[in-house]
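>>> A predicted structure for the sequence below; I have some questions about it.
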Amino acid sequence: MMTSSLQSWPEPIVRVQTLSESGVARIPERYVKPPSERPLPIPKFTPRGRDRTHDSTNIPVINLDSIMSSGDRSTLLLEHISYACREWGFFQVVNHGVSDELMGAAREAWREFFGLPVEAKQEYANNPSTYEGYGSRIGVEREATLDWCDYFFLHYSPRSVRNPSKWPALPLSCRELISEYGKELTELSKRLLSLISRSLGLEGDYLERAFGGREEFGACLRTNFYPKCPQPDLTLGLSAHSDPGFLTILLPDPHVSGLQVRHRDHWVTVKPIPNALIVNLADQMQHIQVVTNAIYRSVEHRVIVNSARERVSLAFFCNPKSDLLIQPAKELVTEDRPALYSPMTYEEYRTYIRTKGLRGKSQVESLVRLPTKN
């Protein structure tokens, strides 16, 4: 079943924010996760040791102030990029070139949008055909377990798919801020792609060309609103997943942690650094697993919620051209490291997720090409 043919959700949509603000003491059963998927309670500090299911380590932090440097500083930067991509798939960037004022204004504009009466937001209600607009679920399977999150999803590029009339008209600054913020994040994504290409020993523009070229690759913005939750130990703001595109740049809430990254055998709660952006490799970098043939890997992540504070974050998704055939870089395929993934278009891959919802990394793992026996 293709999502492009679906014009309505399979069940009535319930806004999570409305549930939260109604003062419910218990979350509806539809939001209760199976015990194996529930977040573990954060342990209290004990001077004699720490709980091994949590890690006080933060994801790597990369300072981009040497991005134009040559010599030792440039080499060290590429080494840091390589380590972060190989070992974590996530890192925070500082001195990234996006102004603090713009990030703060964009985040607050979206906070204002979610503070509007539900009738005003409902004018932008989305459907499964494109997901663009005001939403509260992913996937179209009936009776699925839902996440404790509302969101607004929009297309930013290429310009042929951009439709500002579908962007919020209130607050009045919102559309202008979306346009300016998207422009700055697009430029940052290109700089990051160049660094990642070079860290693999490829030409600086290799990955940009592989994903469709400077004018062709796509970008979307999803603003997530995680309301207060009376039982945060039973649910998640976003279920464990990896992103479908090639790179995601997240503007987190500076006051409320929520993002968790799977690192080896446990979950690490990311502690946002003031004015930093969080970058993660996505599945086409797992097509960096496909394009880099599993040298770098996308990583599962999820979002926890809490009972005391709501949370807002902005995820800027960088995606390949929709009809582009994604396949491993021939420079990275050898007899000892054969191609692990069959070629496919990005639109084919994205359709799977939009139909099934968030399911860990099962979507990319299902594409592994098994070795041929001689």
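Ah, there it is.

>>> Check which residues of stretch 223-237 are buried.
223-229, 231-232, 234-237 (16 or more other CB atoms under 10 Å). All C-beta spots, glycine's among them, are computed from the backbone N, C-alpha and C.

>>> do the same with stretch 155-164
Under 16+ other CB under 10 Å, the buried positions of stretch 155-164 are 155-157, 162.

>>> Now distance to residue 9 and secondary structure too, for the buried residues of stretch 223-237, in TSV please.
Formatted as TSV, the buried residues of stretch 223-237 follow (distance: CB to CB, whole Å; DSSP: H, G, I helix; E, B strand; the rest coil):
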residue	distance to residue 9	secondary structure
223	20	strand
224	18	strand
225	18	strand
226	20	strand
227	20	coil
228	24	coil
229	22	coil
231	24	coil
232	25	coil
234	23	coil
235	19	coil
236	20	coil
237	19	coil
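
>>> so can I have TSV of these showing distance to residue 35?
TSV is the format used below for the buried residues of stretch 223-237 (distance: CB to CB, whole Å):
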residue	distance to residue 35
223	30
224	25
225	26
226	21
227	23
228	23
229	17
231	13
232	15
234	9
235	12
236	13
237	18
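
>>> so where's the stretch 101-250 of the chain shaky on pLDDT?
Residues of the stretch 101-250 of the chain meeting the criterion pLDDT under 70: 214-216.

>>> And the helices in it?
Using DSSP state H, counting those that start in this stretch, the helices of the stretch 101-250 of the chain run over 118-122, 174-199, 206-210.

>>> Minimum distance to residue 300: which of the ones you listed has it?
helix 174-199 (19.5 Å; CB to CB).

>>> name the helices or strands packed onto the closest one?
helix 72-87, helix 100-114, strand 150-157, helix 206-210, strand 218-226, strand 247-251, strand 311-319 (3 or more CB pairs under 8 Å, 6 or more residues apart in numbering; DSSP states H and E).

>>> Out of the ones you listed, flag the one nearest residue 303.
Nearest to residue 303, of those and by CB to CB, is strand 218-226 at 6.6 Å.

>>> what's that closest one packed up against?
Counting contacts by 3+ CB pairs under 8 Å, 6+ apart, strand 218-226 packs against helix 100-114, strand 150-157, helix 174-199, strand 311-319.

>>> strands paired with the shortest one, and their directions?
Going back to what we said before, that points to strand 150-157. strand 133-135 (antiparallel), strand 218-226 (antiparallel) (DSSP bridges).

>>> Give me the distance between stretch 183-203 and the centre of its chain.
17 Å (CA atoms, centre = their mean, to the nearest Å).

>>> What is the end-to-end distance of stretch 143-151?
20 Å (CA to CA, to the nearest Å).

>>> what does that stretch rub up against?
Contact with stretch 143-151 is made by 11, 15-17, 27, 30-34, 114, 134-138, 222-227, 229, 232, 235-239, 303, 305, 357-358, as judged by CB atoms under 8 Å, 6 or more residues apart in numbering.

>>> Now do the buried residues in stretch 187-199.
188-199.

>>> Please read the previous query as pertaining to stretch 27-34.
Buried-residue list, stretch 27-34, by 16+ other CB under 10 Å: 27, 31-33.
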